[in-house]
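> Quick one, fold the following:
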Amino acid sequence: MFLLWVSRAEGFTFEYAGVNLEPEGNWKEALNQLRNAGFSAVRILILRSEIEKGKKNYNWQPLEEVVEHARSLGMQIVGVIEGRTGKVEENAPKEMAVFASAVALRFRGGIGYYEISE
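Residues are numbered from 1 along each chain as shown. Alright, predicted model coming up:
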């Protein structure tokens, strides 16, 4: 469900070092292990198709769990907002802007950076 990408590993000579990880099963344990290995940031894929259940009707709970756990570990978070829904949308850019705004408002102070994907 969520793509975890860790970066800024302490002790590496590169400013940004990361790995893409799509954990099956216990993502909390995966985050714990990555943090214990010295990684201090995580990139989380935010799928509109999984969160938006209807117009301005969102199921935030799975994303909230990941964000809360990463923050409890002291990790910085980059949210990658994926806007495709699998449906044809007449006003796709506007609908994507509404969704991205809802994410940013909901996770203000929790997710520090965002990337937008179509």
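> from here on, contacts and neighbour counts on C-alpha atoms
Noted.
> Work out for me the element K28 sits within.
Assessed by DSSP states H and E, K28 sits inside helix 27-36.
> Does anything pack onto that helix? Which helices or strands?
Here helix 27-36 touches helix 61-72, going by 3 or more CA pairs under 8 Å, 6 or more residues apart in numbering; DSSP states H and E.
> In the helix it packs on, which residues are buried?
Residues of helix 61-72 classed as buried by neighbour count (16 or more other CA atoms under 10 Å): 63, 66-67, 70-71.
> longest helix of the protein?
Taking DSSP state H as the criterion, the chain has its longest helix at helix 92-106.
> how about the spatially closest residue to A100 that is not a sequence neighbour, what does it touch?
Among residues not flanking A100 along the chain, I81 sits closest, at 6.9 Å (CA to CA, 6 or more residues apart in numbering). The contact partners of I81, taken as CA atoms under 8 Å, 6 or more residues apart in numbering, are 45-48, 100, 114-117.
> Can you pull up the most central residue in this protein?
Per CA atoms, centre = their mean, the C-alpha nearest to the average position across the chain is that of I44, at 2.4 Å.
> I77 is in contact with that one, correct?
Yes - if you go by CA atoms under 8 Å, I44 and I77 touch, sitting 7.1 Å apart.
> Just the buried residues of stretch 29-44, please?
Residues of stretch 29-44 classed as buried by neighbour count (16+ other CA under 10 Å): 30-31, 34-35, 39-44.
> Output stretch 36-54 as PDB, restricted to C-alpha atoms.
As requested, the backbone C-alpha atoms of stretch 36-54 are provided in PDB (Å, rounded to 0.1, in the frame of the first residue of the first chain):
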ATOM      1  CA  ASN A  36      18.100   1.600  13.700                       C
ATOM      2  CA  ALA A  37      20.300   1.400  10.600                       C
ATOM      3  CA  GLY A  38      20.700   5.100  10.700                       C
ATOM      4  CA  PHE A  39      18.100   6.300   8.100                       C
ATOM      5  CA  SER A  40      16.400   9.500   9.200                       C
ATOM      6  CA  ALA A  41      13.800  10.100   6.500                       C
ATOM      7  CA  VAL A  42      11.100   8.200   4.700                       C
ATOM      8  CA  ARG A  43       9.200   8.700   1.500                       C
ATOM      9  CA  ILE A  44       5.600   7.600   1.600                       C
ATOM     10  CA  LEU A  45       3.400   7.000  -1.500                       C
ATOM     11  CA  ILE A  46       0.000   8.600  -0.900                       C
ATOM     12  CA  LEU A  47      -2.500   7.000  -3.300                       C
ATOM     13  CA  ARG A  48      -5.500   9.000  -4.000                       C
ATOM     14  CA  SER A  49      -7.200   5.900  -5.400                       C
ATOM     15  CA  GLU A  50      -6.900   4.200  -1.900                       C
ATOM     16  CA  ILE A  51      -7.700   7.200   0.300                       C
ATOM     17  CA  GLU A  52     -10.500   9.000  -1.500                       C
ATOM     18  CA  LYS A  53     -13.700   7.100  -1.100                       C
ATOM     19  CA  GLY A  54     -15.900   9.700  -2.600                       C
END
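> Good, wrapping up.
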